[in-house]
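1. no sequence for this one, just the structure:
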């Protein structure tokens, strides 16, 4: 069985995912076969594996750091919030239902054997396992039947490194308070403390390190600087979603839906020097965007209702009528259509009128479509989207509904999978387009075509630029992450902790 080490945190967003990814890359560089593991993840950014199973995006990022193919065993349980009190529950990459928090709390005990099987399956294939906890292990109201923090550490016999965020203040209280709320056996599993997101002179922090070691009885194994490495974000806590300024030559406005999902689609767009991507919540922030994107949603009908009630629907229709480029992806594609029906009450139930900008009618139903796709853009596109004509792409689909064309429009994206021949994967009509395919902009030629499209629409000469190679770019970021952690963590201590176990 693999040796294991686990990153837990004093709270959400303290940097657990990046620390785990960095350790995965360091162990890989040191010659070990390493895999990430997070028993239960709650996030709206997800991914479809080669075998058509859904898992959290953070574990995909960590698998890339480890240099291995993403596997649903790395994230056996995924919770995708559909409301403030309920989530779609995905086990082993497949939907088992939508549950309230109370329902899931009762249900999760039955998942412990499955989580154990998932972990052991991976541990038999790899030499090192890097586990990540969720939130904080000191959520005393949730510790019963815990399967993601200390419960998972016990199951995997994994020593724990506890990370705290100094950037938001109170890191010493957070570390000491977390240790205080753990029971004796749990405290004994915490073998090291990490102070994360530090800005400033390390020498000023030394006395605090000494005192927190005395208070907790646990050594500080690293002080990690505030990092600017550019890797996939896990959820809506991502700082980049707060950007509001428009400084690039081209302005892309992504409508920040309340239940926005898979905003990692737009990561490659943000790496283009001449492009600004803004995530906006109010029509007043729209300004004169060159492209408006309606992203995916975990509750399409609820977010469509929000668009109508907040004034967005009218603003989008006005922009479309003025000739602004409009693109909908997945749930956003569905919202651009004529209607959405939910006869099985998978979301809100009933039928809702769409924005009426594309001639499609969508009906929700099971099973959920989860598949990686290869394909190409149609050879015959509307003039506004002509730069994409004939280009190949890879990506994935992940949606509940099926759409039927109800009027004249041109195909946009065409899948090359025989099983998808009769499915609409994308349409365009004049300056409005939509697709079910996620990950399009990770294809370099597609990015270059988008720049050409924006330049032509703006009335300037197409820019002679080559879009970045997204795979190479991410690889460089993983290398930078590992380099920073090697200099800020005491890796000799961490290796000793890994070898000693618990």
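-> Right, received. Where do you want to start? What you see is a predicted model; the values in this text were computed from it and never measured.

2. C-alpha from now on. contacts and neighbour counts both.
-> OK.

3. for the stretch 301-450 of the chain, which spans come out with low pLDDT?
-> Residues of the stretch 301-450 of the chain meeting the criterion pLDDT under 70: 418-424.

4. Go again with 80.
-> Within the stretch 301-450 of the chain, the stretches with pLDDT under 80 are 417-424.

5. Just the helices from it, written as ranges.
-> 312-322, 331-335, 444-458 (DSSP state H, counting those that start in this stretch).

6. tell me the most buried of those helices?
-> helix 331-335 (a mean of 29; mean count of other Cα atoms under 10 Å).

7. what sits up against that one?
-> Where contact means Cα atoms under 8 Å, 6 or more residues apart in numbering, the residues beyond helix 331-335 that reach it are 293-298, 300-301, 304, 327-328, 340, 354-355, 360-362, 399, 403, 433-436.

8. what do you get for stretch 252-261?
-> Here stretch 252-261 has contacts from 44-45, 82, 275-281, 286, 289-299, 303, using Cα under 8 Å, 6+ apart.

9. repeat that with 7 Å
-> If you take Cα atoms under 7 Å, 6 or more residues apart in numbering as the criterion, stretch 252-261 is touched by 44-45, 276-281, 286, 289-299, 303.

10. Mark which of those are part of helices, please.
-> The helices, defined by DSSP state H, take in residue 303 from these.

11. what's the angle from the helix or strand containing residue 474 to helix 444-458?
-> Taking DSSP states H and E as the definition, residue 474 sits inside helix 470-488. Here helix 470-488 runs at an angle of 110 degrees relative to helix 444-458 (axes from the mean of the first three to the mean of the last three Cα atoms, to 10 degrees).

12. what about helix 470-488, average pLDDT?
-> Helix 470-488 comes out with an average pLDDT of 95.

13. by contact count, what packs against it?
-> Judged by 3 or more Cα pairs under 7 Å, 6 or more residues apart in numbering; DSSP states H and E, the packing partners of helix 470-488 are helix 16-29, strand 220-225.

14. What is the subsequent helix or strand relative to the shortest one?
-> So the one you mean is strand 220-225. Downstream of strand 220-225 (by DSSP H and E), the next one is strand 250-255.

15. Which neighbours in the sheet does that following strand have, and how are they oriented?
-> According to DSSP bridges, strand 250-255 forms sheet pairs with strand 275-280 (parallel), strand 291-294 (parallel).

16. Can you get me the centre-to-centre distance for that strand and its chain?
-> The chain centre lies 19 Å from the centre of strand 250-255; the measure is Cα atoms, centre = their mean, to the nearest Å.

17. and that strand, average pLDDT?
-> For strand 250-255, the mean pLDDT works out to 94.

18. Where does pLDDT dip in the stretch 51-200 of the chain?
-> 83-85.

19. where do the strands sit along it?
-> For the stretch 51-200 of the chain, the strands defined by DSSP state E, counting those that start in this stretch occupy 54-56, 77-81, 86-91, 94-100, 128-132, 160-165, 190-198.

20. Same question for the stretch 351-500 of the chain.
-> Counting by DSSP E, counting those that start in this stretch, the strands of the stretch 351-500 of the chain are 360-377, 392-405, 410-411, 413-415, 426-429, 432-435.
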